[in-house]
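J.: The following block contains a protein sequence and its predicted model.
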Amino acid sequence: MKLNGLRKFQKSLVKYEDQLEKNNAPALAKCGLFLQRQSMLQVPVDTSNLKNGAFTRSKGKGWKTEVMVGYVAEYAVFVHEILGVHHPIGKAKFLEDPARDPDNQKRIQAIYRQRMAM
């Protein structure tokens with residue numbers, strides 16, 4: 001039995017996989033930027049130094065892409081982790097809470113799927 005078009009089909013699969021791999025880094029970066037925006041809505045503001053130091057960084061390529069969202073202020077971890085402090089604007093866990101929020105997780109998944117669509 002001869003399968004017509006099998007080689008053509010295999011080539012198109014390889015092309016499709018290559019395109020998906022190319023789309024991965026920008027898709028993850030877009031997801032990271034969304035999380036950063038959500039976090040910045042909750043970050044405590046005193047002098048705006050903490051809020052203005054928010055970042056989203058990508059490293060690697062294709063399927064090996066890693067995206068990190070964070071804050072550059074040296075005291076960010078203390079503001080994030082110490083729960084007993086009252087903040088007139090914002091709150092502790094300003095990065096963790098948006099990352100764990102089920103609605104944000106659904107939105108991140110939707111952003112990723114949209115950016116990966118071909």
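T.: On my side now, so go ahead.

J.: what's residue 94 in contact with, if anything?
T.: With contacts defined as CB atoms under 8 Å, 6 or more residues apart in numbering, the neighbours of residue 94 are 39, 42-44, 79-80. All C-beta atoms are positioned from the backbone trio N, CA, C, and that covers glycine.

J.: could you dump these to CSV with secondary structure and distance to residue 100?
T.: Listed next are the contacts of residue 94 as CSV, based on DSSP: H, G, I helix; E, B strand; the rest coil; distance: CB to CB, whole Å:
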residue, secondary structure, distance to residue 100
39, helix, 11
42, coil, 12
43, coil, 16
44, coil, 18
79, helix, 18
80, helix, 13
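
J.: Reformat these into CSV and put pLDDT and neighbour count next to each item.
T.: Shown next, in CSV, are the contacts of residue 94 (pLDDT from 0 to 100; neighbours: other CB atoms under 10 Å):
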residue, pLDDT, neighbour count
39, 98, 25
42, 97, 19
43, 97, 26
44, 96, 18
79, 96, 20
80, 98, 21
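
J.: Settle this for me: residue 49 is touching residue 73, isn't it.
T.: Yes. Between residue 49 and residue 73 there is a contact at 5.7 Å, judged by CB atoms under 8 Å.
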